[in-house]
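[1] Pasting a predicted model and its sequence here:
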Amino acid sequence: MTLEEVKEILKAEVIIGSNNLQMEIKMGCGCDLMSDVLAFIKPDSILLTGLTNTQVIRTAEMADIKAICFVRGKKPDEETIRLAKSKGIPLLMTQLPMFESCGQLYKNGLIGCSEYKG
């Protein structure tokens, strides 16, 4: 699934990274606990989260996460946006809650990390 398809499915706004919408996303993960993200997510994923601080960007960089989508209409501050831009991590924002965001992506064919056979 492309990042553009994710954007359309979630009716998301692109915060940064509109030039990366053709990026391929292999799987998704919805999580607010960054230690769980580090333990369970696989590279080439999109992270859906309600956390908007710089730690999310640093975690994404460490875990080779392709993109982040903030749920529940949460928008990160300028420091977080600047850090993501410097790391080349696209940021999206959807008004949907976490459960519905993950469900919509799964329903449309994006698998979860536990299903990826790489």
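    Received, thanks.
[2] ok, the most centrally placed residue in the chain - contacts?
    In the chain, the residue lying closest to the centroid (CA atoms, centre = their mean) is I68, at 2.5 Å. Contacts here follow CB atoms under 8 Å, 6 or more residues apart in numbering; on that basis I68 touches I46, L47, L48, T49, V56, I57, A60, A84, I89, P90, L91, L92. C-beta here means a position set from N, CA and C on the backbone, and glycine is covered the same way.
[3] Show me what it bridges to in the sheet.
    In this entry, I68 is beta-bridged to L47, L91, by DSSP bridges.
[4] where are the low-confidence patches of the chain?
    118 (pLDDT under 70).
[5] Could you give the backbone dihedrals for the closest residue to L3 other than its chain neighbours?
    Leaving aside its sequence neighbours, L3 sits nearest to M23 (CB to CB, 6 or more residues apart in numbering; 4.5 Å). Backbone torsions for M23, taken as degrees, to the nearest 10, come to phi -60, psi 140.
[6] any idea how far K75 is from T94?
    Per CB to CB, to the nearest Å, T94 is found 11 Å from K75.
[7] Comparing these two, which residue is more hemmed in?
    T94 (23 against 12; other CB atoms under 10 Å).
[8] dump the residue contacts of that one.
    Counting by CB under 8 Å, 6+ apart, T94 has contacts L10, K11, A12, E13, C69, F70, V71, G73, S101.
[9] Same check on L110?
    With CB under 8 Å, 6+ apart, L110 has these contacts: M1, V6, I25, M27, G28, I46.
[10] which one is N108 nearest to, not counting chain neighbours?
    In space, N108 is closest to I9, 5.3 Å off (CB to CB, 6+ apart).
[11] my guess is that neighbour contacts Q104, does it?
    Yes - I9 lies in contact with Q104 (CB atoms under 8 Å); the separation is 5.3 Å.
[12] so what's T2 bridging to?
    E24.
[13] Please list all residues in contact with it.
    Per CB under 8 Å, 6+ apart, neighbours of T2: L21, Q22, M23, E24, I25.
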